[in-house]
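Colleague: Here is my input; please provide its structure:
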Amino acid sequence: MSHSAIFLDLNGTLVMPVQVSSPREYHLIEGSVEAVSLLNQAGFLCPVVTVQSRIEKGIYSEQSFLNWFRQLQDQLKASNATILGPYLCPHSSKTMCNCRKPQPTLYMQAAQECGINCKRSYVVGDTANDIRAGKAIGAKPCFVRTGWAARDIAQFGHEAAFIGDDILQVAQWIVHDAANSIASPVLLPER
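Modeller: This next block holds a predicted model:
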C-alpha cells in the first residue's frame, strides 16, 4: 500500500527553540499538535526528519534525544496526533555524511519503511535544506516562517509550494491542496 506523507522537520517547525543544551528545553510551537492531528485525520503519515548536530558535538547524547522524542510522541498521541521516527542525522556540518539534509537518504528510508509515495507527499520545514530535500524526493516543499526561516525565505521562498506563518497554517493549506490535487478519472470514449 502506498501512503501520502507530510515529512516534518523538528527544530523550528514543530518545536522551539532551534538550538538547546538538552532536548528537555524544547517546547511545542503553538498549533503543532492541532496541525499533526489535522494531517493525520486527512490520512497523512507524519515522519519527522531531523538534524541534531549537537549529538556529534557532545552537547547531548543520541539516547537522551531519543528518550525525549518518545515522550513527545506520547504527548502528541494523547491528543490524537501521531508522528513517526525520528529519522535522525546526528552529524555536525563538518562531517561528510549521506544523512544530512538536503540529502534524500532519511526521507527515502522513511518512505521505504512506511510505504510512502513521495510524489504524493509534502516536506515542511524552516530551512532551504528542507525545501531542497523536498524537491529531491519529488514532494511538494513548504516553508514555515518559524525557526530559521527568516534566514532562507528571501532567497529560497520561490522554491516552496507554500509559505505559512506556522505549521498549523501550512497543514491547513496542505489538506486543501491535497483535496484539490486528486486527479479526475479519465473517461475513455465509448466504442
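
Colleague: Going by C-alpha atoms from here, please, whenever you check contacts or count neighbours.
Modeller: Fine.

Colleague: Would you mind giving both backbone torsions of residue 57?
Modeller: Main-chain torsions, residue 57, degrees, to the nearest 10: phi -70, psi -10.

Colleague: One more: residue 50?
Modeller: According to degrees, to the nearest 10, residue 50 has phi -140, psi 140.

Colleague: what does residue 42 give?
Modeller: The phi and psi torsions at residue 42 (degrees, to the nearest 10) take the values phi -80, psi 0.

Colleague: just checking, it touches residue 174?
Modeller: No. Judged on Cα atoms under 8 Å, residue 42 makes no contact with residue 174 at a distance of 9.6 Å.

Colleague: ok, those two, which is more surrounded?
Modeller: The neighbour comparison of residue 42 against residue 174 (other Cα atoms under 10 Å) goes to residue 174, with 23 against 16.

Colleague: For the more buried one, identify the helix or strand it belongs to.
Modeller: Applying DSSP states H and E as the criterion places residue 174 in helix 167-181.

Colleague: If you count neighbours, what's buried in that helix?
Modeller: 167, 168, 169, 170, 171, 173, 174, 175 (16 or more other Cα atoms under 10 Å).

Colleague: tell me the contacts of the fourth one?
Modeller: Residues near residue 170 by Cα atoms under 8 Å, 6 or more residues apart in numbering: 124, 142, 143, 144, 162, 163, 164.

Colleague: Got phi/psi on the second one?
Modeller: Torsion angles at residue 142 (phi, psi; degrees, to the nearest 10) stand at phi -130, psi 140.

Colleague: excluding its backbone neighbours, what's nearest residue 47?
Modeller: Nearest non-adjacent residue to residue 47, counting by Cα to Cα, 6 or more residues apart in numbering: residue 84, 4.2 Å away.

Colleague: do the same with residue 65
Modeller: residue 23 (5.8 Å).

Colleague: OK, contacts around that neighbour?
Modeller: Contacts of residue 23 (Cα under 8 Å, 6+ apart): 60, 64, 65, 68.

Colleague: Number of residues surrounding the first one?
Modeller: Around residue 60 there are 17 other residues, counting by other Cα under 10 Å.

Colleague: cool, the last one as well?
Modeller: For residue 68, the count of nearby residues is 17 (other Cα under 10 Å).

Colleague: so what does the helix or strand where residue 150 lies touch, helix or strand wise?
Modeller: Secondary structure assignment for residue 150, by DSSP H and E: helix 149-156. Judged by 3 or more Cα pairs under 8 Å, 6 or more residues apart in numbering; DSSP states H and E, helix 149-156 is in contact with helix 128-136.
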